[in-house]
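below are the sequence and a predicted model for it; my questions follow.
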Amino acid sequence: MRISIVAVGARMPSWVTQAVEDYCRRLPRELKLQWREIPLARRTQGARAEQLREREGEQMLKAIPAGDTVIALDVAGDRISTAQLARELEAWQMSGSNYSLLVGGPDGLSPQCLDRAAKRWSLSDLTLPHPLVRVLLAEQLYRAWTITVNHPYHRE
């Protein structure tokens, strides 16, 4: 199974890249995380947030591999626990499908991206910096996997 993370923003700080790579290395071969970076739409004077979301959304939709089930990370989405994520991950693995998780830019996700999503999840009610979202997402996917295989990383 492959999970593609389609995220707006490039050139992350080295600490972000190192942390994400560390969690990706820990995952087994049968659960591959693939990162697809979409450049931020150019912020020009007078550009409206809707226009920027639209441009980024078009690129995100093009980056989703054909046939993937899409999940949008959206502040207005459903909040789930790590245990719930583990159950979802287990179901994904049993389905034999591939998944794409969409992470919007500073202005969020376009309506087209939200419409394309089968589900919407919120990582937190807090406003999180974009680089931290990547690390948090990679860690939570790793943690969810450890729960499914009874690895001692997660403690309840």
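That came through fine. Numbers count the residues shown, from 1 in each chain.

what sits against the residue most central in space within the chain?
What sits nearest the mean C-alpha location of the chain, by Cα atoms, centre = their mean, is Leu101, with 3.9 Å. Listed by Cβ atoms under 8 Å, 6 or more residues apart in numbering, the contact set of Leu101 reads 3-6, 70-73, 137. (Glycine included, C-beta is placed from N, CA and C.)

could you point out the longest strand of this structure?
Taking DSSP state E as the criterion, the chain has its longest strand at strand 69-79.

now do the helix or strand just after that strand against strand 69-79: the angle between them, please.
Per DSSP states H and E, the first helix or strand lying C-terminal to strand 69-79 is helix 82-95. Angle of helix 82-95 versus strand 69-79, following axes from the mean of the first three to the mean of the last three Cα atoms, to 10 degrees, is 160 degrees.

still on that earlier bit, show residues contacting the longest strand of the chain.
With Cβ under 8 Å, 6+ apart as the test, strand 69-79 has contacts from 64, 92, 97-104, 108-109, 113-114, 116-125, 127, 133, 137.

out of those residues, which are buried?
The neighbour count (16 or more other Cβ atoms under 10 Å) marks 64, 92, 98-104, 108-109, 113-114, 116-117, 119-121, 123, 133, 137 as buried among the contacts of strand 69-79.

just confirm the residue nearest to the centre of the chain is within a strand.
Yes. According to DSSP: H, G, I helix; E, B strand; the rest coil, the state of Leu101 is that of a strand.

show me what it bridges to in the sheet.
Beta-bridge partners recorded for Leu101 (DSSP bridges): Ile5, Ile71.

how far away is it from Ser4?
Using Cβ to Cβ, to the nearest Å, one obtains 7 Å as the distance from Leu101 to Ser4.

and Met12, by the same measure?
As judged by Cβ to Cβ, Met12 and Ser4 stand 17 Å apart.

Ser95: how many residues sit nearby?
Counted with other Cβ atoms under 10 Å, the neighbours of Ser95 add up to 11.

again with Ile38
Residues near Ile38, counting by other Cβ under 10 Å: 23.

for the longest helix anywhere in the chain, packing partners?
Looking across the chain with DSSP state H, the single longest helix is helix 130-148. If you count contacts as 3 or more Cβ pairs under 8 Å, 6 or more residues apart in numbering; DSSP states H and E, helix 130-148 packs onto strand 2-8, helix 14-26, strand 32-38, helix 82-95, strand 99-103.
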